[in-house]
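Visitor: kindly return the folded structure for what I paste below:
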Amino acid sequence: MTTIDRYRRIADGFSARLDGVGVDQWSRPTPCTDWTVRELAAHVVATHRRVLCAVDGGEPAEVDANVDLEGQWREASQAILDAVSDEAKATKTVGGMFGEQPFESLVGRLLCTDTLVHTWDLARATGQDERLDPEAISRSEEFLTPIDEAIRRPGGFAAKIDSPVDADAQTRFLNFCGRAV
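Guide: Numbering: from 1, shown residues only. Reported below is the predicted structural model:
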């Protein structure tokens, strides 16, 4: 599966959960203990905008967490799809905390993983379908496992949770990400 296809599937999963947030659910806590549903959604939009600026330059637009987060999300995710579909942008070398890499790699590694994990967070917080794409889980594990220590920091992932021996791949992945399932 290409990065475009994987990103689209993950983004569609996040969109479905975001569309399913009830009017009274925006202030609910999430598995990210510092964030409400509204703050988590704003974080995902902000991350998309920051990643896009890696290839387009400039500063990302602020997210207004109190105004149409669904619209801001759709705009940000479409902008990522457009950029990763543009060969010149997809292959452009960008920098960041994970070193220099093609923009397409940044989307396929960081952005897909961040959006995937937060899809589960959003589903858990709002009582929606928590199933994640198995291939996306596998690819995200490939990205995160070698940087295990680096992701265990404030604003990053919580400590790993030991999984039961009979845990499925999604549970093991989420436990690795510090999520209690």
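Visitor: any idea how far Leu69 is from Val63?
Guide: 8 Å (CB to CB, to the nearest Å). To be clear about C-beta, it is placed using only N, CA and C from the backbone, and glycine gets the same treatment.
Visitor: for the protein, what's the longest helix?
Guide: helix 37-56 (DSSP state H).
Visitor: now for it, which elements pack on it?
Guide: helix 69-85, helix 103-106, helix 112-126 (3 or more CB pairs under 8 Å, 6 or more residues apart in numbering; DSSP states H and E).
Visitor: in it, which residues are buried?
Guide: Neighbour counts over helix 37-56 (16 or more other CB atoms under 10 Å) mark 37-49, 51-52, 54-55 as buried.
Visitor: restricting to C-alpha, output it in CSV.
Guide: Output in CSV follows, covering the C-alpha atoms of helix 37-56 (Å, rounded to 0.1, in the frame of the first residue of the first chain):
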residue,chain,number,x,y,z
VAL,A,37,-11.9,15.6,23.0
ARG,A,38,-11.8,19.2,21.6
GLU,A,39,-8.1,19.6,22.5
LEU,A,40,-7.2,16.3,21.0
ALA,A,41,-8.9,17.2,17.7
ALA,A,42,-7.2,20.6,17.7
HIS,A,43,-3.8,18.8,18.3
VAL,A,44,-4.4,16.6,15.3
VAL,A,45,-5.2,19.6,13.1
ALA,A,46,-2.2,21.5,14.4
THR,A,47,0.1,18.5,13.7
HIS,A,48,-1.1,18.3,10.2
ARG,A,49,-0.5,22.0,9.6
ARG,A,50,3.0,21.8,11.1
VAL,A,51,3.8,18.8,8.8
LEU,A,52,2.5,20.7,5.8
CYS,A,53,4.7,23.7,6.6
ALA,A,54,7.7,21.3,6.5
VAL,A,55,7.2,21.1,2.8
ASP,A,56,5.6,24.4,2.0
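Visitor: and that helix with helix 112-126, angle?
Guide: Helix 37-56 and helix 112-126 meet at an angle of 170 degrees, taking axes from the mean of the first three to the mean of the last three CA atoms, to 10 degrees as the criterion.
Visitor: low pLDDT regions in the chain?
Guide: Nowhere does the chain drop to pLDDT under 70.
Visitor: the one residue sitting closest to the centre of it and Ser15, how far apart?
Guide: For the chain, the residue sitting closest to the mean C-alpha position, by CA atoms, centre = their mean, is Thr115 at 1.5 Å. Counting by CB to CB, the gap between Thr115 and Ser15 amounts to 10 Å.
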